[in-house]
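K.L.:
Got a sequence here, can you build the structure:
(chains A and B)
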Amino acid sequence: MTTELKVVGKSLPRVDAYAKVTGQAEFTMDVNLPGMLYGKILRSPHPHARIKNIDTSEAEKLNGVLGVITGKDTKDMRYAFVDTPRYPADQYPLAQDKVRYIGDEVAAVAAVNPETAQAALDLIKVEYEILPAVFDPYEAMKPDAPTIHDAEIQGDSIWEEWGAEKTKKSDANEKVNNVSGRTVITYGDPDKAFAESHHIREDRFETAATAHCALEPHAAVAHYDPAGQMHLWLSGMGIYYKRYVLSKVLEMPTSQVRLHKVYIGGAFGGKMDVYPYEICAALLSKKTGRPVKIELTRGEVFTTTRLRFPTYIDIKTGVSKDGKILSQHIRTVVNNGGYRGTGPVVIYLFHGWTAPVYRVKNMRYEGISVWTNIPVGGPQRGHGAPQIRFAIDSQLDMIAEDIGMDPAEMMLKNVRKIGETLPNGDVLNSCGLIDCVTQAVELSDWKEKRGAPGSDRTERKNGSIVRGVGISTTTMISGAPYYPFASAGIVKLHDDGAATLISGVVEMGQGAETTLSQIVAEELGISLDDVRIVAGDTEQSPIDMGSFLSGGATVTGAAIRLAAADAKRQLLEVASERLDAMVEELDISDGIVCVRDRPDRCMSIGDVVNYSVKKTGDPIIGHGSRKILSGTSRYPSLAKGTGRWTDAYGFNAQVAEVEVDTETGQVKLVRATTFHDCGTPLNPQIVAGQVHGCVSTGQGQALMEEIVYDDGRVLNPTFQDYRLPITLDTPETAGTEVESFEPAGPFGAKEVGEGVVAQTLAAIANAVYDAVGVRITTLPITPQKVLAALENQKKPPKNNK
Amino acid sequence: MKLLISLKVNGQTHDLAIAPHHTLLGVLREEVGLTGTKRGCDDGDCGTCTVLIDGNPITSCMLLAVDAQEKEITTIEGLAVNGQLHPVQQAFIDHGGLQCGFCTPGVILTAKYLLEQDPAPTDEQIRLGLAGNLCRCTGYVLILEAISASRDGKMQKAEATR
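P.N.:
Model (predicted):
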């Protein structure tokens, strides 16, 4: 902290940039192997049906078809991302008895080209018995609604293998029809605190299903070699997690399943889970003895690779006269779709994104996830944070108006500070929330633009256009316990003074290869040009948490700094002998080891490595590892919210400035002023890129993005019909990181890539209200909704709240 | 039945036997082996498969390969000369105008076309010119910055010294 950083904290060019601007970067779809076959998946056309019979004989006879598989080939392969004693896995690679949403996987074929594979799918005859379907979670919970998962799931879960206690099957799933998960968290005395509140509000908010829209469609290439190893190239976010699940499902030893390095063309949560098409590619390769590639179409990506959970949120909040939140009762219901996906996780996370931001001492939180017959929900950038932060900060804006207070001021009365301990025991060893809010307010000209509470807004009108500003805050973890619960790194030195970093990290655009290389360069005292990285291959790289759960900087980064420090320690030991000085007297700078203040007693790192090899044969290889939440052995409880789950939280605040066209209802995000606490920014340009990307996604989800269903069918599975922000929508962006240092992270760094997306939604919704006085509580804020609300506003005199 | 066609890609002529219904995108990727051109939607919506045909950007998923004969096709692999990057490629590196890299080839080719048409486009013209290229990672901010930094004849100047 005291010495000046030379590589970390600098906006150095990405180490993967050259490969990416020249088209050389290899993505899964670019992998072509000799003799490779092409696979395709037959999917259910029905939202809910029983499979009575599958006849594949005609497909198998088609010239050019080499393999066909159905549910019979995946009988013992029950798996899922959530597979705990309470919530055992509920999914199979190919449907067993029933299909549960339109797009559910039924069969797969491998053929000599994609056209033949498609023709073969058309020849598979599936006899369905169509069952009544249910699409709304509240309908699905009624006792007479069709039950989507009727058979009780039996067997062990993978968490038991990871040390979770084998508990009796919980009652969580049994009492209410189709409930796939339930979280109940209580602390303090909410009822008493409500009774003592000066003002209480109850509001409902709804959010839409949205798609990740990574530009790279999901793809898999599998090659089972006769020696018994399964080689895989997958569009994934964590090679060790995928390897683990695939080895379980395929019943192979983990090290016999090898994930090879590929670049990932964006993920945003949508490439975390293990998908049936990946398992099918592996099974078809095993069956045919040939490599098999499966590329999903954009339509398949939209419907079968998870969506943000559509969520209903009811919040009751009680505040004191001076705007302190005294008590909160939050109820959430998520539409889980046909399988659990991460339903039980997201209902836990809604509370997880609540507790670190505002100090609420009395809380009752209830979350329910419900199986229905729509496509499955899953993690998506922020995983629950956009939904819950939209609701909480929309309501905060409403409460502030009720009590005649500026919402930014009300936030400052409630935000947490450094050193606070959360109800689950997590400690905020860094927390720049106050600075985030204060600086966003200042740079955005908040006070000037917002005016005093209750002030007249008509002056702001310019023709039909009215401007408004809104503010919101959010948080994100820096890694959480999930397989393999740790990351490791290897740093090997070369005899020319360069270093190679070996890591299991996956580069999917977030810049991990660059920032991790910067950590190595900084620690060793060499330039970034002298660090090369080997990453993303299970055969070559040590374990890694994966690039989900936002632990890349803090957990993997810390492991890699330790690896570099280990190499440095060894290097200095050798140098101390050669330079005849104590290790403590040595410094490394620009690749040269010197005795402090003695420029005449120096040698290059390369010479030290050379000397070491000549003397003992040791080429100097450092290694390091970091476990998430070292020192704790318990896992957090999804159902009760107890137990620690991260080492550090990132924080953000944003002021959004919008223009509302009162004639068309169109809302335009003009300016987003974002301040974030990511600890030390490892590479400010990469940090800025993460923030811009999050703002853009948040803007899309606030204003235009929505998966539209009709009886479980996705009506808009194309970029033509699912509009995401384009260049013309890009707002002016302002703001930067606040001063902060996270002790758990390398050089003080923590999360930045995921959290920022969440506060853009409420910031925009609040800005729309500030502009034209209409409160949209159902996302997205479409022109139709704004116009209807404006129309409504004209009719009766404004209701007194 | 296969069709014999001839395509001129990045200055090189390729004689190919292709299925008549194959798109230029498919032939570039699967027959010519140039995988820098990406398949993002196969529907003409996303711009990741953009190539230049006689200098004009076109989504190669929407063009049959047979119709691309007797034209100069430029893919992302054709921009660097003798191992030296095109100035627009360099600008994207310098300004951090890329993240996952999947939309990058199409974006860079579109940007090159835009700056060739008008060496000094306004901010609005740059935004309009890139409106057909989707990017989910960057929010476009640093992409637009990289292109702005290449305008006012800077791309042409750098190209002359390449």
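
K.L.:
which residues in chain B form helices?
P.N.:
B:24-26, B:87-94, B:104-117, B:123-129, B:141-148, B:154-160 (DSSP state H).

K.L.:
would you list these in TSV and tack on mean pLDDT and distance to residue B:6?
P.N.:
From N, CA and C alone the C-beta is placed, and that goes for glycine too. As requested, the helices of chain B are arranged in TSV below (pLDDT from 0 to 100; distance: least, Cβ to Cβ, whole Å):
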stretch	mean pLDDT	distance to residue B:6
helix B:24-26	98	13
helix B:87-94	98	28
helix B:104-117	98	22
helix B:123-129	98	31
helix B:141-148	98	34
helix B:154-160	93	29
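
K.L.:
ok, then the element right after the helix or strand hosting residue A:569?
P.N.:
Using DSSP states H and E, residue A:569 sits in helix A:557-579. Beyond helix A:557-579 on the C-terminal side, the first helix or strand identified by DSSP H and E is strand A:586-589.

K.L.:
Give me the helices and strands touching that next one, please.
P.N.:
Identification of packing neighbours for strand A:586-589 by 3 or more Cβ pairs under 8 Å, 6 or more residues apart in numbering or on different chains; DSSP states H and E yields helix A:557-579, strand A:592-595.

K.L.:
Contacts for it next, please.
P.N.:
Strand A:586-589 is contacted from outside by A:524-526, A:568, A:571-572, A:575-576, A:579, A:593-596, A:605, using Cβ atoms under 8 Å, 6 or more residues apart in numbering or on different chains.

K.L.:
and with 6 Å instead?
P.N.:
Applying Cβ atoms under 6 Å, 6 or more residues apart in numbering or on different chains, the contact partners of strand A:586-589 are A:525, A:572, A:575, A:593-594, A:596.

K.L.:
Now narrow those to whatever sits close to chain B.
P.N.:
Applying Cβ under 6 Å from any Cβ of the partner chain, the subset of the contacts of strand A:586-589 adjacent to chain B is empty.

K.L.:
Sort out which of those residues are buried, if you could.
P.N.:
Neighbour counting with 16 or more other Cβ atoms under 10 Å in any protein chain shown marks A:525, A:572, A:575, A:593-594 as buried within those.

K.L.:
Start from the N-terminal end of the stretch 451-600 of chain A and give the strands.
P.N.:
Assigned strands in the stretch 451-600 of chain A, in chain order: A:465-477, A:486-493, A:499-503, A:531-535, A:586-589, A:592-595, A:598-604 (criterion: DSSP state E, counting those that start in this stretch).

K.L.:
will you turn these into TSV that also has mean pLDDT?
P.N.:
Converted to TSV, those look like this (pLDDT from 0 to 100):
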stretch	mean pLDDT
strand A:465-477	97
strand A:486-493	98
strand A:499-503	98
strand A:531-535	98
strand A:586-589	97
strand A:592-595	98
strand A:598-604	95
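
K.L.:
Without its sequence neighbours, what residue ends up closest to residue B:59?
P.N.:
residue B:44 (4.7 Å; Cβ to Cβ, 6 or more residues apart in numbering or on different chains).

K.L.:
The one you found contacts residue B:60, correct?
P.N.:
No. The pair residue B:44 / residue B:60 is not scored as a contact, 9.7 Å apart, by Cβ atoms under 6 Å.

K.L.:
what would the helices of chain B look like in a markdown table with mean neighbour count?
P.N.:
Output for the helices of chain B, formatted as a markdown table (neighbours: other Cβ atoms under 10 Å in any protein chain shown):
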| stretch | mean neighbour count |
| --- | --- |
| helix B:24-26 | 24 |
| helix B:87-94 | 24 |
| helix B:104-117 | 24 |
| helix B:123-129 | 16 |
| helix B:141-148 | 23 |
| helix B:154-160 | 15 |
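
K.L.:
can the ones you listed go into CSV with extra columns for distance to residue A:779?
P.N.:
Shown next, in CSV, are those (distance: least, Cβ to Cβ, whole Å):
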stretch, distance to residue A:779
helix B:24-26, 35
helix B:87-94, 33
helix B:104-117, 29
helix B:123-129, 25
helix B:141-148, 23
helix B:154-160, 41
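
K.L.:
want to throw the ones you listed into a markdown table with distance to chain A?
P.N.:
Formatted as a markdown table, those follow (distance: least, Cβ to the nearest Cβ, whole Å):
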| stretch | distance to chain A |
| --- | --- |
| helix B:24-26 | 9 |
| helix B:87-94 | 4 |
| helix B:104-117 | 5 |
| helix B:123-129 | 4 |
| helix B:141-148 | 4 |
| helix B:154-160 | 14 |
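
K.L.:
which residues does residue 100 contact?
P.N.:
All of this is about chain A. Residue A:100 is in contact with A:148, A:338, counting by Cβ under 6 Å, 6+ apart.

K.L.:
meant chain B actually
P.N.:
Neighbouring residues of residue B:100 by Cβ under 6 Å, 6+ apart: A:265-266, A:508-509, B:137.

K.L.:
Which of the helices and strands in chain B ranks last by mean pLDDT?
P.N.:
Lowest by mean pLDDT, DSSP states H and E among the helices and strands of chain B is helix B:154-160, with a mean of 93.

K.L.:
An error on my part: the question was meant for chain A.
P.N.:
Among the helices and strands of chain A (confidence taken as mean pLDDT, DSSP H and E), helix A:158-161 ranks last, showing a mean of 69.

K.L.:
Surely residue B:147 touches residue B:112?
P.N.:
No. With contact defined as Cβ under 6 Å, residue B:147 does not count as touching residue B:112 (9.6 Å).

K.L.:
How about chain B: which residue is closest to chain A?
P.N.:
Of all residues in chain B, the one sitting closest to chain A is residue B:36 (2.0 Å; Cβ to the nearest Cβ).

K.L.:
any idea how far that residue lies from residue A:23?
P.N.:
Distance, residue B:36 to residue A:23, by Cβ to Cβ, to the nearest Å: 2 Å.

K.L.:
what does residue B:127 give?
P.N.:
Distance from residue B:127 to residue A:23, counting by Cβ to Cβ: 24 Å.

K.L.:
And residue A:106, by the same measure?
P.N.:
With distances taken as Cβ to Cβ, residue A:106 is found 36 Å from residue A:23.

K.L.:
pretty sure residue B:47 contacts residue B:132?
P.N.:
Yes. Using Cβ under 6 Å, residue B:47 is in contact with residue B:132, at 4.8 Å.

K.L.:
which one of those two has more residues nearby?
P.N.:
Neighbour count, other Cβ atoms under 10 Å in any protein chain shown: between residue B:47 and residue B:132, residue B:47 has more, with 27 against 17.
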